[in-house]
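A.B. asks: Could you look at this predicted model? Sequence included:
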Amino acid sequence: MRSLWIGVAGFFGAISRYQIEGWVSRQAKGAFPWGTFIVNVSGCFLLGFLITLLTERVLPHPNIRMALTVGFVGAYTTFSTFAYETLRLAEDGAVRLALTNVLASVALGILAAWLGTVAGRTL
């Protein structure tokens, strides 16, 4: 039953990723992969927030916690896409953009995870 919960939540996470990444990419022109960047950073925040909230503040059934974190957020985040897009930037000669993507994604991702944890503890 837990796998079903994770699968259903994963469906919604994947659809959310697709919609948000597409919308951001259409708004932000240029070579930098803003859509993936925004999804990765917001996914880091969301995972930090949900894990903290669901283990320290609210104690839902484990299936719900797993559905939201493993299912929804797991399908929402796009680290594999991040890695591929960074490789493509480097291969296309945009090494500075590739390095910017790596450094900014990692630094802001960790910051967002921390902020999500703080927000989850604040509630």
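C.D. replies: That came in fine, so what should we check first?
A.B. asks: what about Leu53, how many neighbours?
C.D. replies: A total of 20 residues lie near Leu53 under the criterion other CB atoms under 10 Å. In this view, the C-beta of every residue, glycine as well, is placed from N, C-alpha and C.
A.B. asks: Just confirm it contacts Gly120, I think it does.
C.D. replies: Yes. Judged on CB atoms under 8 Å, Leu53 makes contact with Gly120 at a distance of 3.9 Å.
A.B. asks: give me the element the most centrally placed residue in the chain is part of.
C.D. replies: Taking CA atoms, centre = their mean as the criterion, Gly43 is the residue nearest the geometric centre of the chain, at 2.4 Å. Element membership for Gly43 (DSSP states H and E) is helix 34-52.
A.B. asks: residues in contact with that helix?
C.D. replies: Helix 34-52 is contacted from outside by 17, 20-25, 27-28, 65, 68-69, 73, 76-79, 81-82, 85, 101, 104-105, 108-110, 112-117, 119-121, using CB atoms under 8 Å, 6 or more residues apart in numbering.
A.B. asks: Identify the residues contacting the nearest residue to Gly71 once chain neighbours are set aside.
C.D. replies: Once flanking residues are discounted, Gly71 sits nearest to Ala9: 3.1 Å by CB to CB, 6 or more residues apart in numbering. For Ala9, the contacting residues are 67-68, 70-72, 75, by CB under 8 Å, 6+ apart.
A.B. asks: where does the residue located most distally from the centre of the chain land in three-state SS?
C.D. replies: Ranked by distance from the centre of the chain (CA atoms, centre = their mean), the top residue is Gly93, with 26.5 Å. The three-state label given to Gly93 by DSSP: H, G, I helix; E, B strand; the rest coil is coil.
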